[in-house]
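Enquirer: requesting a structural model of the entry that follows:
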Amino acid sequence: MILAVFLISIFTFLLLGIPVGFSILLTVFTMATASGVTSFAIVPSYLYSGVNNFALMAIPFFILCGDIMNAGDLSKGIVDFCRVLLGHIKAGIGYAAILACMIFACLTGAAVVTISAIGGIMLQSAVNLLGTVYVASYDTALKIKSLCVGTCDALGNTMAVYCGQNLGAGKKDRIHAGIRDAMRIGAVGSVFFIFFLWNFTDQISLLFMDASNTEVIANIRLFMRITSCFYPLLYLLNIFRFSVQGMGESRIAMFAGVIEMVARTVSGLFLIPAAGYIMVCYTDQLAWLWATLFLVVVYRSILKKAL
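Expert: Prediction:
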């Protein structure tokens, strides 16, 4: 019941054009009211104590850094520089990707963010070659997609804490049970998003463009319908990635990110130029598939070694 209230509330407020921060706040009030809470006197105090944190200043500055890099084409420039420097030698594209990761790591200080950024840049470069219609379709589809993957990330973060706590307590059975329960939650979320995106993608697209852009809207619809069918796989990926990370195997989780980066890079360099936009719709899913297969295979051995 609470999950249904949350999903309906957050999407209703977002579709009404309310800013994300205020949408989350109104959703919290809605969930509290549905749960029987009658007094909100302590809410202002909690809101202030939650934001009165010096470390939170990193968030807007990190976003500002990303905007500056995108506005100045710094991200693309780094990749182009590495390709010019190493692309002419045998297996040069792979060396260029590694060098770009090293440069990004110096700039961001985050290995996982770096890996994701490189794969995304390679994919975006391939989409740019298809033409302005497909660029507009892909960029808008990514915005819609970002509205729907938040629950995947939240579930993954929860599993990291859960597995870490139970690993410390030596509760192997509880880790297995928690992953099974998380998979059930992921199945419910997947069904909801599949239904939602198959039926309302066109309406959401109109938030970003005029109804006269029929070809762009059709491309967005195709992308989101294909992507939504693979949401169960995305939930599995986040569950196992964060669970493994919570059990102290950050390198394994990072290597799964490397697999995703390689899959997106290969697709951007070879598959998308050959197959066109339809391959753009399947690139993320192929990356999710390979990374999930790797994590599922190593999960049991990691758990056995840790306990």
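Enquirer: for Leu206, what are phi and psi?
Expert: Note on Leu206: its backbone torsions stand at phi -70, psi -10 [degrees, to the nearest 10].
Enquirer: wait, Ala253 sits on Gln245?
Expert: Yes: between Ala253 and Gln245 there is a contact at 4.1 Å, judged by C-beta atoms under 8 Å. C-beta here means a position set from N, CA and C on the backbone, and glycine is covered the same way.
Enquirer: what strand or helix carries Tyr138?
Expert: Secondary structure from DSSP states H and E places Tyr138 in helix 132-148.
Enquirer: put the alpha carbons of that helix into PDB.
Expert: Presented in PDB, the C-alpha positions along helix 132-148 are these (Å, rounded to 0.1, in the frame of the first residue of the first chain):
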ATOM      1  CA  THR A 132      19.900  15.400 -35.000                       C
ATOM      2  CA  VAL A 133      16.600  13.500 -34.900                       C
ATOM      3  CA  TYR A 134      18.100  10.500 -33.200                       C
ATOM      4  CA  VAL A 135      20.200  12.700 -30.900                       C
ATOM      5  CA  ALA A 136      17.000  14.500 -29.700                       C
ATOM      6  CA  SER A 137      15.200  11.200 -29.300                       C
ATOM      7  CA  TYR A 138      18.000   9.600 -27.300                       C
ATOM      8  CA  ASP A 139      18.600  12.700 -25.000                       C
ATOM      9  CA  THR A 140      14.900  13.000 -24.200                       C
ATOM     10  CA  ALA A 141      14.600   9.200 -23.700                       C
ATOM     11  CA  LEU A 142      17.500   9.400 -21.200                       C
ATOM     12  CA  LYS A 143      15.600  12.100 -19.200                       C
ATOM     13  CA  ILE A 144      12.500   9.900 -19.000                       C
ATOM     14  CA  LYS A 145      14.600   6.900 -18.100                       C
ATOM     15  CA  SER A 146      16.300   8.800 -15.300                       C
ATOM     16  CA  LEU A 147      12.800   9.300 -13.700                       C
ATOM     17  CA  CYS A 148      12.300   5.600 -13.500                       C
END
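Enquirer: which residues sit against it?
Expert: Contacts with helix 132-148, where a contact means C-beta atoms under 8 Å, 6 or more residues apart in numbering, come from 11, 14, 124, 127-128, 193, 196-197, 201, 204-205, 208-209, 213, 215-216, 219-220, 223-224, 227-228, 231, 277, 280.
Enquirer: tell me the centre residue of the protein?
Expert: Val149 (5.9 Å; C-alpha atoms, centre = their mean).
Enquirer: I figured that residue hits Leu234, correct?
Expert: Yes: assessed by C-beta under 8 Å, Val149 is found in contact with Leu234 at 6.9 Å.
Enquirer: show me what whichever strand or helix holds Ile302 packs onto, helices and strands only.
Expert: Per DSSP H and E, Ile302 falls inside helix 277-306. Under the contact criterion of 3 or more C-beta pairs under 8 Å, 6 or more residues apart in numbering; DSSP states H and E, helix 277-306 touches helix 111-128, helix 132-148, helix 214-229, helix 231-246, helix 250-266, helix 272-275.
Enquirer: would you turn these into TSV with distance to Ala4 and mean pLDDT?
Expert: Shown next, in TSV, are those (distance: least, C-beta to C-beta, whole Å; pLDDT from 0 to 100):
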stretch	distance to Ala4	mean pLDDT
helix 111-128	31	69
helix 132-148	16	88
helix 214-229	18	94
helix 231-246	17	91
helix 250-266	31	84
helix 272-275	38	90
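Enquirer: now those as a markdown table including distance to Val20 and mean neighbour count?
Expert: As requested, these are exported to a markdown table (distance: least, C-beta to C-beta, whole Å; neighbours: other C-beta atoms under 10 Å):
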| stretch | distance to Val20 | mean neighbour count |
| --- | --- | --- |
| helix 111-128 | 20 | 20 |
| helix 132-148 | 9 | 17 |
| helix 214-229 | 19 | 19 |
| helix 231-246 | 20 | 24 |
| helix 250-266 | 25 | 20 |
| helix 272-275 | 31 | 15 |
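Enquirer: of these, give the one that comes closest to Asn166.
Expert: helix 231-246 (9.0 Å; C-beta to C-beta).
Enquirer: what's the angle from the closest one to helix 250-266?
Expert: 140 degrees (axes from the mean of the first three to the mean of the last three C-alpha atoms, to 10 degrees).
Enquirer: before I go, just wanted to say thanks for your time.
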